[in-house]
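J.: Next come a sequence and a model predicted from it.
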2 protein chains.
Amino acid sequence: MKSRRKGAYAEAGVNISAAGRTKDLIKELVRPTFRPEVITDIGLFGSFFQLQQYKDPVLVSSADGVGTKLKIAVLMDKHDTVGIDLVNHCVNDILCCGASPLFMLDYIAAGKLMPHKVASIVSGLAQACKEVGCALIGGETAEMPGMYKASDYDLVGFIVGVVEKGRIIKGDNIVEGDMVLGLPSSGLHTNGYSLVRKTFGIDRDALQLKMVYPELGRTLGEELLQPHRCYFRELQPVLEKIKGLAHITGGGFVGNIPRILPQGVSVEIDRTSWHVPALFDLIQKQGCIKDDEMYCVFNMGIGMVVICGQLEAGQIMDAVPEARQIGKVVKTNGSERVIIK
Amino acid sequence: MKSRRKGAYAEAGVNISAAGRTKDLIKELVRPTFRPEVITDIGLFGSFFQLQQYKDPVLVSSADGVGTKLKIAVLMDKHDTVGIDLVNHCVNDILCCGASPLFMLDYIAAGKLMPHKVASIVSGLAQACKEVGCALIGGETAEMPGMYKASDYDLVGFIVGVVEKGRIIKGDNIVEGDMVLGLPSSGLHTNGYSLVRKTFGIDRDALQLKMVYPELGRTLGEELLQPHRCYFRELQPVLEKIKGLAHITGGGFVGNIPRILPQGVSVEIDRTSWHVPALFDLIQKQGCIKDDEMYCVFNMGIGMVVICGQLEAGQIMDAVPEARQIGKVVKTNGSERVIIK
């Protein structure tokens, strides 16, 4: 069959050699995250992880994205922290079930695959994975011209962890009188970015990100890119003392705490019990946003909520100095499961 | 603090109640895929899967997207098959390692979350999961205004399967003289869509998808949306007789077969040994694409390559009637690992 064209696929916007270079860069970055249970190298059709030393293992998995925090990274042209956001988000989610991370896979899709950009993203993933002993064993990079703008990309993570069946944390033993502790967030974590972009008109005028706000002590862009904090190292040693854990992500307190509450109990949060960081005040003022909505969208300075018995509360606060009491478990009265006072 | 606005988050393009409705629709669709090992319901921070009845279990995982086949689905406004594509792609990938699917998680991101569209996508995921006994235990839907066009979306899957350590298939025992069998694909599967869109000018003129081609017996759009075929049910009973499996995805024969070949051996493919379906000829003529490039981008009618000993080849072809010999394993001579004759 006669053919006239060379490299029709490249003309269609898909660059196979960039994909090859990207894979090589990724290989070097992820290898240090491999733990002894990883029994394969990248390149096969699947990634192998040998499960060992568990009596009654339950696999706990979660899928997450970084949301439009990615837009901020793209506008700042800084890509080495969104991977940290993603890993820490995923690790915190399965931690809420009592699970320790085993391995993770990522998905990076872009209008155009830039090997150095992908490498920067993966360096963040690998760094955060190493910190919690999670193997970054696989993933997919996809070049999708026409689907994403050339500079845009999406980043998704899938994590698998493990917990012994008898040690699953799911909140079912929470009772009236239990204590509600909070652990500080490091900033917005990965939620509320669409609202923030709109509030500051960032999409219209990216220079907004360069503005220095005295109350933040740095530029808005730097503040917004602050990585999502991971709670695994702090909370893992005290998991046995904990009845319920709620990762405060999209939906805030109101959207997340009820996920772990059994029927009949609600949570009262005392909003004067911690200092709401300056960023949240700034967003609220700038956007004239109601208090209620702030608490339904943002973490307001508390990234992880711990529910435990009164006796254990003291022990946990001794072991995790940043934990503080922010509320208590009460009998449900009406339809509200989270009452913010 | 005074507030003037209502629903700033909704104004920023994020619709929390649509997200809630979407979650309810998803719950109903995925529940029938749950197997007895699934010990949780959706809503907790992680999804639970209890691992049972394995002596020396190795978890095999993979992450995949559907690529720009999604663009065709969007232009045809038909969303109930891309989920089938995704599940079957993932199941085939881990099948290449000898693994059976356990569970899957999905990620759906859109400029605007339309509950009925998400439900349609998830119905395809659930249908394909049920067919292979894979539990669709979790996932994430993300609304990202400004990142995707309102009608566009991305769809990513993450699968975890299991194989006994002694039964891993990785091609390391393939030797000269082994047979190469092929199983027919159902169409393009999920690769080469950027090239096809360019070749037919589909992005400029979506009506191209409505064209009926006599050699296809239906419209181009219908042909292009034909779901990715799954090989699990056919090949699972004969896995013990198989030395290597290569899922022919992006990169075609040349990109995929070498992934399972040990040093020193190559594969010779006889391209006259099967009938290349009409779609591939049509694409090649329309795009004036060279033969070599066709075989580096498309599956050319063979979706799964099986490598086995000569004795086993007959047994496999008896058990899997559609399998046929398409080549053989030879000693490597030069740098080529896949010689297409």
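T.: Looks like it arrived, so ask away.
J.: neighbours around the residue lying closest to A:R337 once chain neighbours are set aside, how many?
T.: Of all residues not flanking A:R337 in the chain, A:P258 sits nearest, at 4.1 Å (C-beta to C-beta, 6 or more residues apart in numbering or on different chains). Yep, even glycine has a C-beta here, placed from its N, CA and C like the rest. By the criterion of other C-beta atoms under 10 Å in any protein chain shown, A:P258 has 17 neighbours.
J.: next one: A:G250
T.: Residue crowding around A:G250 was assessed by other C-beta under 10 Å; the count is 22.
J.: what's the distance between A:I168 and chain B?
T.: 7 Å (C-beta to the nearest C-beta, to the nearest Å).
J.: for A:G301, same thing?
T.: 15 Å.
J.: Who are the contact partners of that residue?
T.: A:G301 makes contacts with A:184-185, A:274-277, A:280, as judged by C-beta atoms under 8 Å, 6 or more residues apart in numbering or on different chains.
J.: do A:G201 as well
T.: Applying C-beta under 8 Å, 6+ apart, we find A:G201 in contact with A:Q208.
J.: I figured the residue nearest to A:R337 hits A:S335, correct?
T.: No: using C-beta atoms under 8 Å as the test, A:P258 is too far from A:S335 to be in contact (10.7 Å).
J.: ok, is stretch A:66-79 in contact with chain B or not?
T.: Yes: on the criterion C-beta under 8 Å from any C-beta of the partner chain, stretch A:66-79 is in touch with chain B at A:67-68, A:70-71.
J.: got it, and stretch A:96-103?
T.: Yes: against chain B, stretch A:96-103 shows contacts by C-beta under 8 Å from any C-beta at A:96-97, A:99, A:102-103.
J.: How confident is the prediction for A:S61, by pLDDT?
T.: On pLDDT, A:S61 comes in at 94.
J.: how much space is there between it and B:C129?
T.: 14 Å (C-beta to C-beta, to the nearest Å).
J.: of the two, who's got more company?
T.: B:C129 (32 against 29).
J.: which SS class is that one?
T.: Secondary structure, DSSP: H, G, I helix; E, B strand; the rest coil: B:C129 is helix.
J.: same check, this time on A:L188
T.: Classified using three-state DSSP, A:L188 is coil.
J.: which residue packs closest to A:I326, ignoring adjacent ones?
T.: A:G182 (3.9 Å).
J.: ok so, going back, including pLDDT, could the contacts of A:G301 go into JSON lines?
T.: Below are the contacts of A:G301 laid out as JSON lines (pLDDT from 0 to 100):
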{"residue": "A:P184", "pLDDT": "98"}
{"residue": "A:S185", "pLDDT": "98"}
{"residue": "A:W274", "pLDDT": "97"}
{"residue": "A:H275", "pLDDT": "96"}
{"residue": "A:V276", "pLDDT": "96"}
{"residue": "A:P277", "pLDDT": "97"}
{"residue": "A:F280", "pLDDT": "97"}
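J.: what sits against A:Q236?
T.: The neighbours of A:Q236, taking C-beta under 8 Å, 6+ apart as the test, are A:95, A:100.
J.: one more time with 10 Å
T.: A:95, A:98-100, A:132 (C-beta atoms under 10 Å, 6 or more residues apart in numbering or on different chains).
J.: Helices - which of the residues you listed land there?
T.: Using DSSP state H, the members of those that fall in helices are A:95, A:132.
J.: Nearest to B:G124 among the contacts of A:Q236?
T.: Top of the list for closeness to B:G124, among the contacts of A:Q236 and by C-beta to C-beta, is A:A99 at 29.2 Å.
J.: was I right about the closest one contacting A:V91?
T.: Yes: counting by C-beta atoms under 10 Å, A:V91 is a contact partner of A:A99 at 9.2 Å.
J.: got any residues that touch both of these two?
T.: Residues touching both A:A99 and A:V91 (C-beta under 10 Å, 6+ apart): A:62, A:159, A:161, A:232.
J.: which one of those residues has the most neighbours?
T.: For the shared contacts of A:A99 and A:V91, neighbours tallied by other C-beta under 10 Å; top is A:S62, 32 neighbours.
J.: Report whether that one is found in a strand, as I expect.
T.: Yes: counting by three-state DSSP, one finds A:S62 located in a strand.
J.: close enough to count as contact, it and B:G139?
T.: Yes: using C-beta under 10 Å, A:S62 is in contact with B:G139, at 9.3 Å.
J.: before we move on, back to that, what helix or strand is the residue nearest to A:I326 on?
T.: strand A:179-184 (DSSP states H and E).
J.: Listing partners with orientation, what would you give for that strand?
T.: Paired neighbours of strand A:179-184 in the sheet (DSSP bridges): strand A:302-308 (antiparallel), strand A:324-331 (antiparallel).
J.: Out of those, which is the most enclosed?
T.: Mean neighbours per residue, mean count of other C-beta atoms under 10 Å in any protein chain shown, is largest over these for strand A:302-308, with a mean of 25.
J.: now for the following helix or strand past it, which elements pack on it?
T.: Remark: after strand A:302-308, the chain's next helix or strand is helix A:310-319, criterion DSSP H and E. Helix A:310-319 is packed against strand A:179-184, helix A:232-235, strand A:302-308, strand A:324-331, with contacts defined by 3 or more C-beta pairs under 10 Å, 6 or more residues apart in numbering or on different chains; DSSP states H and E.
J.: Out of these, which is closest to A:F45?
T.: Closest approach to A:F45 among the helices and strands packed on helix A:310-319 (C-beta to C-beta): helix A:232-235, 30.1 Å.
J.: Give the next helix or strand downstream of that closest one.
T.: Toward the C-terminal end, the helix or strand that comes next after helix A:232-235 (DSSP H and E) is strand A:244-247.
J.: what is the mean pLDDT for that following strand?
T.: The average pLDDT for strand A:244-247 rounds to 96.
J.: Neighbouring strands of that strand in the sheet, and parallel or not?
T.: strand A:302-308 (antiparallel).
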